[in-house]
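[1] Predicted model follows, preceded by the sequence.
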Amino acid sequence: MRSKFWHGFADMHVVKDAEIIIRSAEGVWLEAIDGRRYLDATAALWYCAVGYGRREIADAVADQLTRLAAYSSFGAYTTEPTVKLAERLAALAPMDDAVVFLGSGGSDAVDTAGKLARRYWDVQGRPEKRVIVSREHGYHGMHAFGTSLAGIPVNKAGYGGELIDEVVHVGVSDTETLGALFERRGHEIAAFIGEPVVGAGGVYPPEPSYWTEVQRLCRDHDVLLIADEVITGFGRTGAMWGSQRYAIEPDMVTFAKVVTSGYQPLGGVLVGKRISEPFWGGSEPGPTFVHGYTYSGHAAACAGAMANLDIIEGEGLVGRVAATEPVFDVAVRRLESAALVGEIRTVGLTAAVAIAPEPLAGDPALPAKVVAAALRHGVATRVLRGHALQISPAFTITQDEMEVLVDGLGAALEDVAGGS
């Protein structure tokens, strides 16, 4: 029977007859309704850090659902798990005295940060500072702000230009152009947003001096710095935050994904004191950030996040990623000699295995063919920006499972190179 479900980022002409319907999962393993098992190379969309089937999280969510599933956080209302999670996230934040704005995911977080950056300057009496700068290859979700900020052209094609005005893009590592832009237009630039490690755009770790120079430019030109940590937050780079690994001092941090390991939809923004002060300081009525979502601070989602963070901290999973990083790098680089492979980029427990430019130019469908072949070899992965395979498994993956993952991808590459 043909599906009635419209998949994201999918050619439904093909997918409606070729769905892979997952029935259950445990650890890093998925089971489809036909009984086939797949090693999940991507932790779904980067997020299932603690692995599937964690009863602790399910129980925490179920307990909260039976008492109070959710309540509006507009005005003075909120719930107990919402307040507890905000306190915990503020304590973990890579900036002092942070406050927390919650939504339902990373796209919500980016829209919130973009609007808050502009509202902050408006309250400061500088409404002309509206421009937001982002990077080539950057991915910032698929709401209006995120679509406009994206540095992946195909994600914006067909929507009639920029959905959000006054967005400027610079090269992924190009601080020279960024500096020239700030010199010319710094008086109207509200914020710079970037991922500590470019994720969905192809897994590009930063050049050694990149973030140091970006921070200097932001300070010199009074531009807010937003670290998009939707992928890198909560341990994927081997530090709690990518900002900590790369010594970034952000004004805001967007987060989602690993905050709940995907057990509930949740995301938000960590907001530093500079930005929160005009909206929080003092006890008299003052400027308001007129923004929010129906499920901001959703009680059951917050309960799930608390249980997930208990696992991450209790099992030392951030340290495990740091310790596993060199082992993971060696395992993935076994594919450097595989057919069709060009550059391999790794950081933390994340990698991109790029198809070499020459074969890719001859057949742009090669990455998708390798993904399909990998499924036949029991590995579930996906294509990044049309040229690379994503590897970003759960933090709990074992060394033996890494070898199974790499063997499966290697076999898939050989199949496609050989025309089978």
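    Good, I have the coordinates. Everything numeric in this text was worked out from a predicted model, so none of it was measured.
[2] For the rest of this, base every contact and every neighbour count on C-alpha atoms.
    OK.
[3] count of neighbours near residue 26?
    The number of residues packed near residue 26 is 12, by other C-alpha atoms under 10 Å.
[4] Contacts only, for the nearest residue to it once chain neighbours are set aside.
    Leaving aside its chain neighbours, residue 26 sits nearest to residue 52 (4.6 Å; criterion: C-alpha to C-alpha, 6 or more residues apart in numbering). By C-alpha atoms under 8 Å, 6 or more residues apart in numbering, the residues touching residue 52 are 25, 26, 27, 28, 29.
[5] Residues in a beta bridge with residue 52, which ones?
    Residue 52 forms beta bridges with residue 27, as assigned by DSSP bridges.
[6] what about the nearest residue to residue 328 once chain neighbours are set aside, distance to residue 242?
    Leaving aside its sequence neighbours, residue 328 sits nearest to residue 349 (C-alpha to C-alpha, 6+ apart; 6.8 Å). Plainly put, residue 349 is 12 Å away from residue 242 if you go by C-alpha to C-alpha, to the nearest Å.
[7] Could you tell me how far the most far-flung residue of the chain relative to its centre is located from residue 123?
    Centroid-distance maximum for the chain: residue 284 at 37.3 Å, with C-alpha atoms, centre = their mean. Here residue 284 is placed at a distance of 16 Å from residue 123 (C-alpha to C-alpha).
[8] Which phi and psi values does residue 132 adopt?
    Recorded main-chain torsions at residue 132 are phi -120, psi 130, according to degrees, to the nearest 10.
[9] What is the burial count for it?
    Residue 132: 27 surrounding residues under other C-alpha under 10 Å.
[10] Is it in contact with residue 193, as I believe?
    Yes: with contact defined as C-alpha atoms under 8 Å, residue 132 counts as touching residue 193 (7.3 Å).
[11] which residues do residue 349 and residue 242 both contact?
    Common neighbours of residue 349 and residue 242 (C-alpha under 8 Å, 6+ apart) are residue 236.
[12] show me the contacts for the closest residue in space to residue 140 that isn't next to it in sequence.
    Nearest residue to residue 140 in three dimensions, chain neighbours excluded: residue 146, at 4.6 Å (C-alpha to C-alpha, 6+ apart). Residue 146 makes contacts with 107, 110, 111, 139, 140, as judged by C-alpha under 8 Å, 6+ apart.
[13] Now intersect these with the helices, please.
    When DSSP state H is applied, those are split such that 107, 110, 111 fall in helices.
[14] Go ahead and confirm the first one touches residue 143.
    Yes: in this structure, residue 107 is within contact of residue 143 by C-alpha under 8 Å, at 5.6 Å.
[15] What residues does the nearest residue to residue 116 once chain neighbours are set aside make contact with?
    With C-alpha to C-alpha, 6+ apart as the measure, residue 289 is the residue that lies nearest to residue 116, at 7.2 Å, once sequence neighbours are left out. Neighbouring residues of residue 289 by C-alpha under 8 Å, 6+ apart: 116, 119, 279.
[16] Quick check: the second one vs residue 153, distance?
    It stands for residue 119. From residue 119 over to residue 153 (counting by C-alpha to C-alpha), the distance is 27 Å.
[17] So between the two, which is more surrounded?
    Each of residue 119 and residue 153 has its neighbours counted (other C-alpha under 10 Å); residue 119 has more, 22 against 12.
[18] next one: the strand or helix carrying residue 405 to chain centre, how far?
    Using DSSP states H and E, residue 405 falls within helix 399-417. Mean-position distance between helix 399-417 and its chain equals 25 Å (C-alpha atoms, centre = their mean, to the nearest Å).
[19] Which positions in it come out as buried?
    The neighbour-count check on helix 399-417 (16 or more other C-alpha atoms under 10 Å) flags 401-402, 404-417 as buried.
[20] Which of the residues you listed sits closest to residue 201?
    Residue 201 lies nearest to residue 409 out of those, by C-alpha to C-alpha, at 20.1 Å.
[21] what sits against that closest one?
    When contacts are counted by C-alpha under 8 Å, 6+ apart, residue 409 touches 370, 374, 377, 379.
[22] Let's see which of these end up in strands.
    residue 379 (DSSP state E).
[23] In helices only, show me the contacts of residue 409.
    370, 374.
[24] tell me the domain boundaries of the chain?
    12-53+316-417, 55-314 (automatic domain parsing).
[25] Switch those domains over to a markdown table; also include mean pLDDT and distance to residue 4.
    Shown next, in a markdown table, are the domains of the chain (pLDDT from 0 to 100; distance: least, C-alpha to C-alpha, whole Å):
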| stretch | mean pLDDT | distance to residue 4 |
| --- | --- | --- |
| domain 12-53+316-417 | 97 | 8 |
| domain 55-314 | 97 | 22 |
